[in-house]
Structures are given as C-alpha cells and as structure tokens.
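Engineer: here is my input; please provide its structure:
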Amino acid sequence: MGKKWSYKELESLGRVRLSSNFYLREFLHSEVAQYHGVINAPDDPKLAIQAGTALCERVLEPIQAAWGKVHIRSGYRSPEVNDLGNKNGMNCASNARNVAAHIWDQQDGKGFSGATVCIVVPHYHDYFESTGDWASLAWWVHYHIPDYYEMCFFKEQCAFNIRWYEGNDGNKSIKTYLQNPETGNKSALLKRGEMHTLYQSRSQEDLYVRATDILNT
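Structural biologist: Next up is the predicted model:
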C-alpha cells in the first residue's frame, strides 16, 4: 500500500502546475483506480512532479503549441493502480515495464526517471477516423519533438503513449497495436532507432506531409 493521503493533501497535489498549460490533476484521473476504488497518487510526489514537469515542458507543450488542445487519456499510475490494471486486463503493462514510464515516481534500474502519458490530438482525430492513417502524425512528432523517447499507438481515436525519459540515448521507438495502411501490418516505424525499410528512401518532409496539410487547413 502507498502513502496515506488526506483530502486536503490530494487537493493541493492536483493544483501543482507542471508547465504553462498543464496541471498535475489531469494526469491523476484513472478509470482503473475509479473502478477499483483506490487513490491514484504518488508515493514520491517530488520525483513524480519532476518527471511530469519534464514531460509537459519538453513534449506536451510543443505538441499543443502546434496542434491545439491535447486530450489526456492516461498519465501517472501508482504501482498499485498499474498492477490492478495489468492483472485485470485493463491495458496496463506490468509494473516492471512501467517504472519511469506511467509510474512517474520510481526510477528504473539504471537510476533514470521518466514519465509516459497517453494522449489524443483532437485536431488530427477526424482525419484519422476517415483514413486510418496514424503514421503521418507519428512522423511529425518524431521530427518536431526531439525530447520524446518512445511512442506507441492504439486502436481508438489515434490515441498514443508518448514518453519522456532521462536516459534517452537517441535510439527511439515508434510502436503500434494498430494496422498501418501503408505497410498493411503492425510493424514498428522505428525500433531502437532503426527505421522501417518502407520509409528509408523517403524524405523527412514526405513522411509527415499529410500531417502538415492538416495543420495548414
């Protein structure tokens, strides 16, 4: 069991401002926690706030500056909440895999911190629903948001996990549970820095041209 929280402490925690446009409260909501009747709050608030601040300032703020409002689907998860989600088939990876990812308040075995959030970009959503194309947005993020470390795309709403990681070595990954209309399968666009062969001969701008067109409309 984690730290015991009073109502006033939780209220104050939610008011913490992580960046110009993001506050901690919106990252603490969890359907898993709500369903199981547990509190989703960090044991180490200081570390969670540090990692969340880096995620917001370096990753989410520049995405929102370009695309407009970013919708938060899932942010911070306590180890208890994440474990409940994992064991009950609620789309949560194991605690071991989510340390320094969705579990913001624990460092990994290398001593690095990190933070993951699942987001939807509403301005891209309608285009995705009509085409199934998520790759153009993925490539746009890859080339415009240098401080992300990993992305993983999901079937609903073009939602995707995006991670800031202190141990970022530049060998980034873009994974998917969603079929890519261009490849006809669910192969990663990037796997530890190695680009899918389909894209290797194309220019950078061509990879995200459809995303650029949407931004310009």
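Engineer: switch to C-alpha atoms for all contacts and neighbour counts from now on
Structural biologist: Fine.
Engineer: check which residues of whichever strand or helix holds Glu9 are buried.
Structural biologist: Taking DSSP states H and E as the definition, one finds Glu9 inside helix 7-14. Neighbour counts over helix 7-14 (16 or more other Cα atoms under 10 Å) mark Leu13, Gly14 as buried.
Engineer: list the helices and strands it packs on?
Structural biologist: helix 25-28 (3 or more Cα pairs under 8 Å, 6 or more residues apart in numbering; DSSP states H and E).
Engineer: got the CA coordinates for the helix it packs on in PDB?
Structural biologist: Written as PDB, here are the backbone C-alpha positions of helix 25-28 (Å, rounded to 0.1, in the frame of the first residue of the first chain):
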ATOM      1  CA  ARG A  25      -4.700  16.900 -11.500                       C
ATOM      2  CA  GLU A  26      -5.500  15.900 -15.100                       C
ATOM      3  CA  PHE A  27      -2.800  13.300 -15.100                       C
ATOM      4  CA  LEU A  28      -4.100  11.600 -11.900                       C
END
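Engineer: what does it contact?
Structural biologist: Identification of contacts with helix 25-28 by Cα atoms under 8 Å, 6 or more residues apart in numbering yields Leu13, Gly14, Arg15, Val16, Asn40, Ala41, Ile72, Ser74, Gly75, Tyr76, Arg77, Val117.
Engineer: likewise for stretch 61-73?
Structural biologist: Taking Cα under 8 Å, 6+ apart as the rule, stretch 61-73 contacts 19-21, 26-27, 60, 117-123, 141, 145, 159, 215.
Engineer: most neighbours of all the contacts of helix 25-28, which one?
Structural biologist: Arg77 (32 neighbours; other Cα atoms under 10 Å).
Engineer: just checking, that one touches Asp105?
Structural biologist: No: using Cα atoms under 8 Å as the test, Arg77 is too far from Asp105 to be in contact (9.1 Å).
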